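In: Have a look; sequence and predicted model below, questions after that.
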Amino acid sequence: MFRVSNRAKFDRCLAHVLPFFGDGCEASEGQPYWKDPELWECSVKSPVSAGPVAEQVLGCLLAARRIALGWLTFGTLTAESAEGFMGVFAAGSSGATTWVPGLAWASFQMVAVGPQSSLEPRDDEG
């Protein structure tokens, strides 16, 4: 979620953050958040490399770190699966810092998609 006042500013913020995800990421159409119209939300899906779970989690955490510091992480990791591993970032919380202008809140969740995994936002955002 970005704290912006209009679509043009949202589009600039989104354009700034997408390169941090690397090739193959897909962003949904942004829209004002229903609880607060000064917050704009969108989903971004980013593929994670096939390979060992530890490498997938590392890739996810490195992508998250390129966006911000101060993530809270949750979930159970095993050698066989990272499904359900997630993180939440809130600008202004203790120790939270972002390099993305306008970023107010973000989350990620690793979800199995076929033989690979994908980094996606949580379904229960908001």
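Out: Alright, I've got the coordinates. Numbers count the residues shown, from 1 in each chain.
In: Strand partners (parallel or antiparallel) of the stretch of helix or strand residue 32 belongs to?
Out: Under the assignment given by DSSP states H and E, the secondary-structure element containing residue 32 is strand 31-33. With DSSP bridges as the criterion, the sheet partners recorded for strand 31-33 are strand 36-41 (antiparallel).
In: which residues of the chain score low on pLDDT?
Out: Low-confidence segments of the chain, defined by pLDDT under 70, span residues 113-126.
In: so what does the strand ranked longest in it touch, helix or strand wise?
Out: Secondary structure of the chain read by DSSP state E shows that its longest strand is strand 105-113. For strand 105-113, the helices and strands in contact under the criterion 3 or more CB pairs under 8 Å, 6 or more residues apart in numbering; DSSP states H and E are helix 53-67, strand 86-90, strand 116-120. Quick note: C-beta positions are derived from backbone N, CA and C, even for glycine.
In: Not counting its own residues, what contacts the longest one?
Out: With contact meaning CB atoms under 8 Å, 6 or more residues apart in numbering, helix 53-67 is reached by 17, 20-22, 46, 48-49, 71, 73, 77-82, 85, 87, 89, 98-100, 103, 106, 108, 110, 117, 119.
In: The longest strand of the chain to helix 53-67, inter-axis angle?
Out: Taking axes from the mean of the first three to the mean of the last three CA atoms, to 10 degrees, one finds that strand 105-113 is oriented at 160 degrees with respect to helix 53-67.
In: and strand 105-113, which residues are buried?
Out: Taking 16 or more other CB atoms under 10 Å as the neighbour-count basis, strand 105-113 is seen to contain the buried residues 105-111.
In: Relative to residue 31, which of these is nearest.
Out: Comparing those against residue 31 with CB to CB places residue 105 closest, at 14.8 Å.
In: quick one: residue 91 and residue 105 touch, right?
Out: Yes - Residue 91 lies in contact with residue 105 (CB atoms under 8 Å); the separation is 6.9 Å.
In: Relative to residue 74, how far out is the closest residue to residue 40 other than its chain neighbours?
Out: The shortest distance from residue 40 to any non-neighbouring residue, by CB to CB, 6 or more residues apart in numbering, is to residue 10 (4.2 Å). With distances taken as CB to CB, to the nearest Å, residue 10 is found 27 Å from residue 74.
In: I am finished for the moment; much appreciated.
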